[in-house]
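Student: sequence plus the predicted model coming up.
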Amino acid sequence: MKMEVCYEMEGESIDVNVKRFKNNVSSLGSSDEAFTLLIHFGYLSWDEEGCIAKIPNKEIYGEFADTVTRMNDSETTKRVEKSRNFIKGLIHCDNTIVAQIIEEIHEEYQKVKSVSLSSSLN
């Protein structure tokens, strides 16, 4: 779920299976249920046609950013550092670093998509 939130904070949409929500906020059993609850509360917008959710505006983005900052999550810190290295690689025309970071991001994204797909099939 952390990676999915990071993707959303980067402006990406995530796949959410809203049909898994059991209407019980005291025991969320999956990331799909947690994201569905955030959709219900208005923290995420929902595109029914694409079955995707995303952060709807700058104000909500600010809330996510504040929460992530307070968490002081090492995974988020790693992603920020990776973004800095990517920009440095672009500025200095370091094709090796740029290609490596793109490959790492692609692999992470594929893992999230795979987990999301498998949980929606359950």
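Tutor: Structure's in. What do you need? Numbers count the residues shown, from 1 in each chain.
Student: was I right about residue 56 contacting residue 46?
Tutor: No: counting by CB atoms under 8 Å, residue 56 sits too far from residue 46 to count as a contact (9.3 Å). Where C-beta positions appear, they are placed from N, C-alpha and C, glycine not excepted.
Student: more crowded one of these two?
Tutor: Remark: of residue 56 and residue 46, residue 46 carries more neighbours, 20 against 14, as counted by other CB atoms under 10 Å.
Student: can you pull the contacts of the closest residue to the more buried one other than its chain neighbours?
Tutor: Spatially, and ignoring its direct neighbours in sequence, residue 46 is nearest to residue 39 (4.8 Å; CB to CB, 6 or more residues apart in numbering). Residue 39 makes contacts with 16, 18, 45-46, 53, as judged by CB atoms under 8 Å, 6 or more residues apart in numbering.
Student: for residue 97, same thing?
Tutor: Residue 97 is in contact with 85-86, 88-89, counting by CB under 8 Å, 6+ apart.
Student: which of the residues you listed count as buried?
Tutor: Listed as buried from the contacts of residue 97 are 86, 89; burial here means 16 or more other CB atoms under 10 Å.
Student: residue 22: how many residues sit nearby?
Tutor: Residue 22 is flanked by 11 other residues according to other CB under 10 Å.
Student: isn't it up against residue 36?
Tutor: No: using CB under 8 Å, residue 22 is not in contact with residue 36; the gap is 9.5 Å.
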